[in-house]
Every structure is written in C-alpha cells, then in structure tokens.
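**Q** give me a model of this one.
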Amino acid sequence: MNRKPLLWLGLLALLGGHSAPADATIFVRVLDAGTLVARSQLVVFGRVEAMQSRWDGGRIVTDLQIGVLDAAKGAPQSHLPVVVSGGAVDGVRMRVIGAAEFDLGEEAILYLNHSDAWRLVHLAQGKLAVATDRTVKWTPPEGGHTETWPVAQVLDRLRVVVGEGRQ
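**A** Numbering: from 1, shown residues only. Here you go, the predicted model:
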C-alpha cells in the first residue's frame, strides 16, 4: 500500500489546523454634513422610482431613477439617473463594502457628483435614509449628537450651509 497520499493528507490537516485567519482593516473617514455639501454638485431629497442592475465590465452596478422631491443644492431636473456600485444580475449578487444600497420606493437625501454619471459622494455617506415618517437620523454641520430631524429641517439646514459658502 502506498502511504505517500496519506502522509500528504495528514500534513495538510496538521497545517490547516494551525493556519492564522486572514485579517483585513478598512479605514473610512467619516465626513460631516458641511464637507459632504462642499464635495457635492447636487444635494437632493428624492424617491427611488426605478432600479435595474447590470454588468459593467467585470462588476455589477445598479442604475437608479430618482424622482426629485426637493433640492438643497443645485438645480436638478425632476428625475435623475444615479449609478451605484453593486446589485444582482442573473443570480449573481455583488456587494461593495461601504457602498449604499437602495430599495424601490425608498426616500433619501442624496449628495451627488457627476463625472460620467451621477454618483453618490463618499459611498454610503452620500445617502441619508429618510424614514416613512419623513425623519432623518442626522448630525448637523456644526457637530453635536446624532438626532432625529424632520427632513424639511435637514434640507433647510443644508441650504444654510450652501448659502454660507461652506460648499
């Protein structure tokens, strides 16, 4: 009987039991509302009216159609096409760490820039989810604690930031 395969299996089992787990560290700089406004061409309050994921080279992206309900910065059209990383196509799902995810019908305040398409500023930090009662968990530009604010008050505060030239 050839014992060489058994020796290799035993060696692999021994080494596998003593291997160290892979470690990964991700650093994300949390931006305040003033910095997000400054880095944005548009700040809008909108609703996801349509979404479709597709392949874009070797990655999956999702095209969103945002119905604009209000704007704190810029003069957007009534509908904006926005592209976000991740999604699902033909049973293949891709998630990007730190990227925002959306649901059809969801409302959010979005910090946006346009290069080849409208995209969120600073990944998920470019999306402030709006609850069904139209409130937002938010930290104002001057700092302080995160609190629940009515979306209209958040937009008014962001307009003040834009007016102060902190954009």
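**Q** now do the buried residues in the helix or strand hosting Asn113.
**A** Assessed by DSSP states H and E, Asn113 sits inside strand 107-114. Buried residues in strand 107-114, counted by 16 or more other CB atoms under 10 Å: Glu107, Ala108, Ile109, Leu110, Tyr111, Leu112. C-beta here means a position set from N, CA and C on the backbone, and glycine is covered the same way.
**Q** I'd say the first one and Gly46 touch.
**A** Yes: checked against CB atoms under 8 Å, the pair Glu107 and Gly46 is within contact range at 7.0 Å.
**Q** report the set of residues contacting both of these two.
**A** Common contact partners of Glu107 and Gly46 (CB atoms under 8 Å, 6 or more residues apart in numbering): Leu69.
**Q** thinking again about what came up before, need the residues that contact the strand holding Asn113.
**A** Applying CB under 8 Å, 6+ apart, the external contacts of strand 107-114 come out as 36-37, 39-48, 66, 69, 72, 80, 82, 102, 118-122, 125-130, 134, 136, 151, 154-155, 158.
**Q** pull out the buried residues from those.
**A** Neighbour counting by 16+ other CB under 10 Å classes 36-37, 40, 42-46, 48, 66, 69, 72, 80, 82, 102, 118-122, 125-128, 130, 136, 151, 154-155, 158 among the contacts of strand 107-114 as buried.
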